[in-house]
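> The following comprises the amino acid sequence and a computationally predicted model.
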Amino acid sequence: MNKIISSILIASFLTACSTVPITGRKRLNFVSDATVLPTSFSQYDTFLKENKLSTNTSKTQEIKQIGARISTAVDKFMRKNGMSAEADSYRWEFNLVEDDQLNAWCMPGGKVVFYTGILPVAKNADGIAAIMGHEVAHAFAKHGQERMSSSQIQEYAGAAVAIGTSTQDEKTQQMWNMAYGLGSQLGMLKYSRTHETEADKLGLVFMIMAGYNGEEAVAVWERMKALGGSSQPEFLSTHPSNDSRISTLQSFLPEAKQLAAKYK
């Protein structure tokens, strides 16, 4: 059984390994858009029905207009780089929801929500574009599908650990299962931080392609840092620290400008 599970894992890895455009990072994704997107779109519609949309017409329009400019830049990139079929699968939509959370998100397939609570941190159109670019980048890089794939791999690996230690005494089994669980959890946290850093970089390229000021992405995280936050060590967090994000964006900004000029 161990050999069978190992064979499944190896086969899955070999057939589902691909490269994230622009960053060049290797990713493992064997969850198809045909499987994910219908559910994503349905869940988004349900969310909008169950949550209050902002009645601020001007801010709502601003969110939609900035989202349209950035998604157009992403669409242009995909069509210029042999990704037309993928571009056709996106159903871009941008909504502003009345909520005090400092948050925004994008579901697979391009369904975006901004919360009104994050607007003061965004502060201006360029700040909104920085956050929008980051969220759109998650969908572009298929981070949701990648995490689903990783979760399936974890399930297989967990089964392999259980089977592989089945002949050991109970204490040894518990020790291995605990070690796997802890290592797996921390591994997934780092995996999430990898996605966040990648989305920061991709989002910076996309916002500049759309005509926004990339320097404002750094300013957004400086404002976020000024609000304070969790003292939890970065290695136990799903997101990089504010300082890490600021440093990454500052370092990547010159390259992002060059890439944006190249892909326009």
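Yep, it's here.

> okay, now Thr248: neighbour count?
19 (other Cβ atoms under 10 Å). All C-beta atoms are positioned from the backbone trio N, CA, C, and that covers glycine.

> That one against Ala199, yeah?
No: using Cβ atoms under 8 Å, Thr248 is not in contact with Ala199, being 10.9 Å away.

> tell me the contacts of His134?
Residues in contact with His134 (Cβ atoms under 8 Å, 6 or more residues apart in numbering) are Ala199, Asp200, Leu202, Gly203, Ala217.

> these two touch, right, the fourth one and Phe140?
When you say that, I think you mean Gly203. No: taking Cβ under 8 Å as the definition, Gly203 is not a contact partner of Phe140, at 9.0 Å.

> Quick check on Glu93: phi, psi?
phi -150, psi 140 (degrees, to the nearest 10).

> which residues touch the closest residue to it other than its chain neighbours?
Distances taken as Cβ to Cβ, 6 or more residues apart in numbering place Lys111 nearest to Glu93, at 5.3 Å, with adjacent residues excluded. Lys111 sits next to Ser40, Phe41, Tyr44, Arg91, Trp92, Glu93 when contact means Cβ under 8 Å, 6+ apart.

> If we use 7 Å, what do you get?
Each residue near Lys111 by Cβ atoms under 7 Å, 6 or more residues apart in numbering is listed here: Ser40, Phe41, Tyr44, Arg91, Glu93.

> before we move on, what about Lys64?
Residues near Lys64 by Cβ under 7 Å, 6+ apart: Phe94.

> How confident was the prediction at Ser151?
Listed pLDDT for Ser151 reads 61.

> Secondary structure class of the closest residue to Asp243 other than its chain neighbours, three-state.
Take Asp243 and drop its neighbours on the chain: the residue closest to it by Cβ to Cβ, 6+ apart is Lys225, 7.1 Å away. At Lys225 the chain is in helix, as set by DSSP: H, G, I helix; E, B strand; the rest coil.

> re earlier: among the contacts of His134, which ones are in helices?
Ala199, Asp200, Leu202, Gly203, Ala217 (DSSP state H).

> Now for the first one, how many residues are close by?
Taking other Cβ under 10 Å as the criterion, the count of residues near Ala199 is 23.

> Which element, helix or strand, includes the residue lying closest to it once chain neighbours are set aside?
Nearest residue to Ala199 in three dimensions, chain neighbours excluded: Ala137, at 4.1 Å (Cβ to Cβ, 6+ apart). Per DSSP states H and E, Ala137 falls inside helix 125-140.

> tell me the average confidence for that helix?
96.

> can you start the count at 6 instead of 1 from here on
Understood, numbering begins at 6; the last thing we discussed is helix 130-145.

> where in this structure is pLDDT low?
By pLDDT under 70, the low-scoring segments of the chain are 6-21, 35, 154-196, 234-243.

> coming back round to it: hmm, the residue nearest to Asp248 is touching Ser246, no?
No: counting by Cβ atoms under 7 Å, Lys230 stays clear of Ser246, with 8.7 Å between them.

> neighbour-wise, which of these two wins?
Set Lys230 next to Ser246 and count neighbours by other Cβ under 10 Å: Ser246 wins out with 17 against 14.
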